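Sequence and predicted structure are below.
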Amino acid sequence: MNLVYNIQRKGMSLTLDRLLKYIDKDPQANIIKLADKIGPVFSKIFPPENFKKIKAAAEDKDNVWTQFALGLIRDIDRNVLKQMLLSFGIDAGYYGTKAVRKNREKYKCNIPFNILFDPTSACNLRCKGCWAAEYGHQQNLTNEEMQSIVTQGKELGCHFYWLTGGEPLIRKNDIIELCKKNKDCIFLVFTNATLIDQKFCDDMKEAGNIALALSIEGSEESNDWRRGDGAYKTTVTAMELLQKNKCIYGVSVCYTQKNIELVTSDDFMNMLIEKGAKYSLYFNYMPVGHGADKELIPTPEQRKRMYLWLRETRNSKTGKPIFVMDFQNDAEYVGGCIAGGRNYFHVNSAGDIEPCVFIHYSDSNIRTHTLLQALQSPLFMAYYHNQPFNDNHLRPCPMLENPEYLRKMVKETGAKSSDLIVKESADELCDKCVDYAANWKPVADELWETLPHRDTHTQYYRDTPEGKAASTGCSGCCRECCESQKQ
């Protein structure tokens, strides 16, 4: 298998070299021909209709996604672009996805497509409403532990890693080393941008498989209110340096009741595009941790506006050439909550394996458990057995929109608080979400019932033979019995 994989990957690498050189001769014209040329090459990996859609979009010069693709070709270093296409398209998208699906069947539990982990709890900022600001500077994963997470993850099929914190780039030399050792993976680092310099840009380009998400929130005033004086200018300076060096980056935006108008404004989005950002990842503020302010949670009316704005911004005719995603409002595209290993989980800087970056409860630690053991632990299996927490995927979260589920799962599994400073009980956390959940429900239900939604073809535990048997009390061993019950 390894020999076949190495041969195929090398062949893909050579093919990408030729294709990128071809496109560079005349991007506007040759991108239209791209689908015809790569379709036969990748026909055994990706559906042929995908390339037909690429060609149709490319032939429309006004198509937002054509402009986006041309921007990637124009703005990103060739080694980075090639490595990202290999790592994301081949390693994660093809081989990884196949392995993940196989292992879900084999182990009868959630197996993730990506894993988040915190190299350190240390951070050089103290942003309002951020639990990481309360964590202190005491916890770190060793280089060996970070490599172990990646090694175990790859064995399960995971080739996509998100690094959070704390401020991960406090460990930037260790991160670069990890990326270089694992070229068959992609690493996305969430950073406050304060530690980005020319050497790090050079290291990013050499590795080729690392991307950044810079924290920024609207105007200078709204950004610095939460992140501290000077944070906005520091981030913009880092954006300009990354753009100059043709590094791939985007931004991470926490939207709150106070800033939602600013972070969705044309001025803000146009600034991101002008500075070379290729994606904007939005997070609904979560009232997690000691001192969290539930008044920062967006109102249901603001959440609805955000939902509609996302679809306007991604429209191929009227949108903007930047990939925008909202982890809460886009749950309908992934079948609801993706935590608990269904598509991802989180390892904090103390090694605690948590279902979600916002759910600080755990019954496993990487220093005492393998990742597979954690995925089969009582807490993670509670996620597996209960997802989706709501069939309206605009209400996906077991904390924010369905707090009764998180209370129940933590209580029944005996999971402990993994907050590194103040041990917040599930009741204390969920109490902060009850009002919001009740107020959002009628708005979310109206949206869900009146607008079309894509069928994700997601299979949950309840759809498996084991899940059906658990819900009916039938073992499924006798077809005649089942047929007689139908009659």
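Yes, it's here.

how far does stretch 235-246 sit from the chain's center?
23 Å (Cα atoms, centre = their mean, to the nearest Å).

same question, stretch 394-413
How far stretch 394-413 lies from its chain's middle: 20 Å, per Cα atoms, centre = their mean.

can you check stretch 13-21 too?
28 Å.

what do you get for stretch 312-331?
On Cα atoms, centre = their mean, the centre of stretch 312-331 falls 15 Å from the chain's centre.

which residues sit against that stretch?
Under the criterion Cβ atoms under 8 Å, 6 or more residues apart in numbering, residues 57, 60, 62-65, 67-68, 71, 250, 269-270, 272-273, 277-284, 303, 306-307, 310, 337-338, 393-394, 396-397, 400 lie in contact with stretch 312-331. Every residue, glycine included, has its C-beta placed from N, CA and C.

Sitting in strands, which of the residues you listed do you find?
250, 279-284 (DSSP state E).

in stretch 338-351, what's buried?
338-351 (16 or more other Cβ atoms under 10 Å).

returning to that earlier point: as a markdown table, the ones in strands among the contacts of stretch 312-331 with distance to E105, pLDDT and neighbour count would be great.
Formatted as a markdown table, those follow (distance: Cβ to Cβ, whole Å; pLDDT from 0 to 100; neighbours: other Cβ atoms under 10 Å):
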| residue | distance to E105 | pLDDT | neighbour count |
| --- | --- | --- | --- |
| G250 | 34 | 98 | 22 |
| Y279 | 32 | 97 | 18 |
| S280 | 35 | 98 | 24 |
| L281 | 31 | 97 | 18 |
| Y282 | 33 | 97 | 22 |
| F283 | 32 | 93 | 17 |
| N284 | 33 | 93 | 22 |
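
any idea which of the residues you listed is closest to Q28?
Y279 (22.5 Å; Cβ to Cβ).

which residues sit in contact with the residue nearest to that closest one when sequence neighbours are not counted?
Using Cβ to Cβ, 6 or more residues apart in numbering and skipping residues adjacent in sequence, the residue nearest Y279 is G250, 3.4 Å away. Contact partners of G250, counting by Cβ under 8 Å, 6+ apart, are 211-214, 277-281, 322-323.

Would you check how far apart the closest residue to R395 other than its chain neighbours and Y460 are?
Sequence neighbours aside, E401 is the residue nearest to R395 in space, at 4.0 Å (criterion: Cβ to Cβ, 6+ apart). Distance from E401 to Y460, counting by Cβ to Cβ, to the nearest Å: 17 Å.

what does the helix or strand harbouring E221 contact?
Applying DSSP states H and E as the criterion places E221 in helix 220-227. Residues outside helix 220-227 that contact it (Cβ under 8 Å, 6+ apart): 125, 127-129, 192, 215-217, 230-233, 235, 254, 256, 258-259, 262-263.

got the contact list for V334?
343, 456, 458.

Mind checking the pLDDT average for stretch 230-248?
Here stretch 230-248 scores 96 as its mean pLDDT.

again, but for stretch 317-329
pLDDT averaged over stretch 317-329 gives 95.

Can you give me the buried ones in that stretch?
319-322, 324, 326-329.

Quick one: end-to-end length of it, please.
In stretch 317-329, first residue to last residue: 21 Å (Cα to Cα, to the nearest Å).

Quick one: low-confidence residue ranges for the stretch 51-200 of the chain.
Filtered on pLDDT under 70, the stretch 51-200 of the chain yields the residue ranges 51-55, 128-137.

And the strands in it?
114-117, 160-163, 186-191 (DSSP state E, counting those that start in this stretch).

Of all those strands, which one is nearest R367?
strand 114-117 (13.2 Å).

so K294 sits right up against N439, yeah?
No: with contact defined as Cβ atoms under 8 Å, K294 does not count as touching N439 (11.9 Å).

CA atoms only: put stretch 86-101 into PDB for me.
Extracted in PDB, the C-alpha atoms of stretch 86-101 (Å, rounded to 0.1, in the frame of the first residue of the first chain):
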ATOM      1  CA  LEU A  86      -1.500  17.400  -3.000                       C
ATOM      2  CA  SER A  87      -2.100  17.300   0.800                       C
ATOM      3  CA  PHE A  88      -5.700  18.500   0.700                       C
ATOM      4  CA  GLY A  89      -6.900  16.900  -2.600                       C
ATOM      5  CA  ILE A  90      -5.000  13.600  -2.500                       C
ATOM      6  CA  ASP A  91      -3.900  12.800   1.000                       C
ATOM      7  CA  ALA A  92      -6.900  14.200   2.900                       C
ATOM      8  CA  GLY A  93      -9.600  14.300   0.300                       C
ATOM      9  CA  TYR A  94      -9.100  10.900  -1.300                       C
ATOM     10  CA  TYR A  95      -6.900   8.600   0.700                       C
ATOM     11  CA  GLY A  96      -7.900  10.100   4.100                       C
ATOM     12  CA  THR A  97     -11.700  10.100   3.400                       C
ATOM     13  CA  LYS A  98     -11.600   6.400   2.300                       C
ATOM     14  CA  ALA A  99      -9.700   5.400   5.500                       C
ATOM     15  CA  VAL A 100     -12.000   7.400   7.700                       C
ATOM     16  CA  ARG A 101     -15.100   5.700   6.300                       C
END
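
Outline the domain layout of this protein.
Annotated domains of the chain cover 2-86, 109-413 [automatic domain parsing].

Rebuild these as CSV, extending it with distance to Y94.
Listed next are these as CSV, based on distance: least, Cβ to Cβ, whole Å:
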stretch, distance to Y94
domain 2-86, 5
domain 109-413, 10
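
Can you pull the phi/psi pair for Q459?
Here is the backbone geometry of Q459 (degrees, to the nearest 10): phi -100, psi 120.

now it: how far from C397?
Remark: distance between Q459 and C397 (Cβ to Cβ) = 21 Å.

Of the two, give the one with the bigger neighbour count.
C397 (25 against 12; other Cβ atoms under 10 Å).

how many other residues sit next to the residue lying closest to that one once chain neighbours are set aside?
Leaving aside its sequence neighbours, C397 sits nearest to C337 (Cβ to Cβ, 6+ apart; 5.9 Å). Using other Cβ under 10 Å, C337 has 26 other residues around it.

C337 and E401 touch, don't they?
No: counting by Cβ under 8 Å, C337 stays clear of E401, with 9.3 Å between them.

any common contacting residues for these two?
Common neighbours of C337 and E401 (Cβ under 8 Å, 6+ apart) are F389.

List phi and psi for the nearest residue to I73 once chain neighbours are set aside.
Nearest in space to I73, with sequence neighbours left out and distances taken as Cβ to Cβ, 6+ apart, is P27 at 5.0 Å. Main-chain dihedrals, P27, degrees, to the nearest 10: phi -50, psi -40.

do the one 3 residues further on as well
Taking degrees, to the nearest 10, you get phi -80, psi -20 for the backbone angles of N30.

ditto for C433
phi -110, psi -10.

for I210, same thing?
phi -130, psi 130.

neighbours of it, just the number please.
For I210, using other Cβ under 10 Å, the count is 30.

ok, it touching K183?
No: using Cβ under 8 Å, I210 is not in contact with K183, being 10.7 Å away.

who touches N173 in this structure?
Contacts of N173 (Cβ under 8 Å, 6+ apart): none.

Try it again at 10 Å.
143, 199-200, 203 (Cβ atoms under 10 Å, 6 or more residues apart in numbering).
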